[in-house]
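*Asks:* curious how this folds, go ahead:
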Amino acid sequence: MNNRTKLIIAKPAHEVFEAFVDPAKIGNFWFSSSSERWETGKTIKLRYEEYNAEGEITVKEIVKDQKIAFEWDYGNIHLVTITFTQTDKMSTIVEVNEEGFEENENLIPMLVGNKEGWVYMLTCLKGYLEHGITTLRAALVHG
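*Replies:* Modelled structure (predicted):
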């Protein structure tokens, strides 16, 4: 089973794509740090200083300015595919599709929580790229 989330960002696809793959930019809207530039085949260490947490992703595919696919393992492996569809010179639809959810009695709450996380991350991305806001990241209260 998969979970899909989309948001439009008023920036060209190149700028939106670079916000994810450039370790100097990702800390402005998502994780506090990324170990290196995201490239196909690399294992990237991502850190959340605020939660004293870190994890790794394995980058499966990069298509410059169009697509990022990575796997992460939090109990079972999920494939996350982020696509960037430029609709005009200044607008890009960012779509996050996460696959690998197992059907069980906790599926609905898990999908809702997952969707909440992706919507929040994309909202932080929008705030950062469109308005220069970098203080939204890691402000979501869990629980």
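*Asks:* isn't Thr87 up against Ala10?
*Replies:* No: Thr87 lies out of contact with Ala10 (C-beta atoms under 8 Å); the separation is 10.2 Å. For the C-beta atoms, the positions are set from N, CA and C on the backbone; glycine is no exception.
*Asks:* more neighbours: these two, which one.
*Replies:* Per other C-beta atoms under 10 Å, whichever of Thr87 and Ala10 has more neighbours is Ala10, with 13 against 10.
*Asks:* distance of Thr81 from Phe29?
*Replies:* 19 Å (C-beta to C-beta, to the nearest Å).
*Asks:* more crowded one of those two?
*Replies:* Just comparing Thr81 and Phe29: by other C-beta under 10 Å the higher neighbour count belongs to Phe29, 22 against 17.
*Asks:* so what's the nearest residue to Lys89 once chain neighbours are set aside up against?
*Replies:* Spatially, and ignoring its direct neighbours in sequence, Lys89 is nearest to Pro12 (6.5 Å; C-beta to C-beta, 6 or more residues apart in numbering). For Pro12, the contact set (C-beta atoms under 8 Å, 6 or more residues apart in numbering) comprises Gln86, Lys89, Met90, Thr92.
*Asks:* look up how far Ile8 lies from the second one.
*Replies:* Just to be clear, that refers to Lys89. 14 Å.
*Asks:* coming back round to it: now, which of the contacts of Pro12 sits nearest Pro109?
*Replies:* Thr92 (30.9 Å; C-beta to C-beta).
*Asks:* need the next SSE after the host helix or strand of the closest one, C-terminal direction.
*Replies:* Thr92 is part of strand 91-99, with elements assigned from DSSP states H and E. Using DSSP H and E, the helix or strand that directly follows strand 91-99 along the chain is helix 107-131.
*Asks:* now that next one: buried residues?
*Replies:* By 16 or more other C-beta atoms under 10 Å, the buried positions in helix 107-131 come out as Asn114, Gly117, Trp118, Tyr120, Met121, Leu122, Cys124, Leu125, Lys126, Gly127, Tyr128, Leu129.
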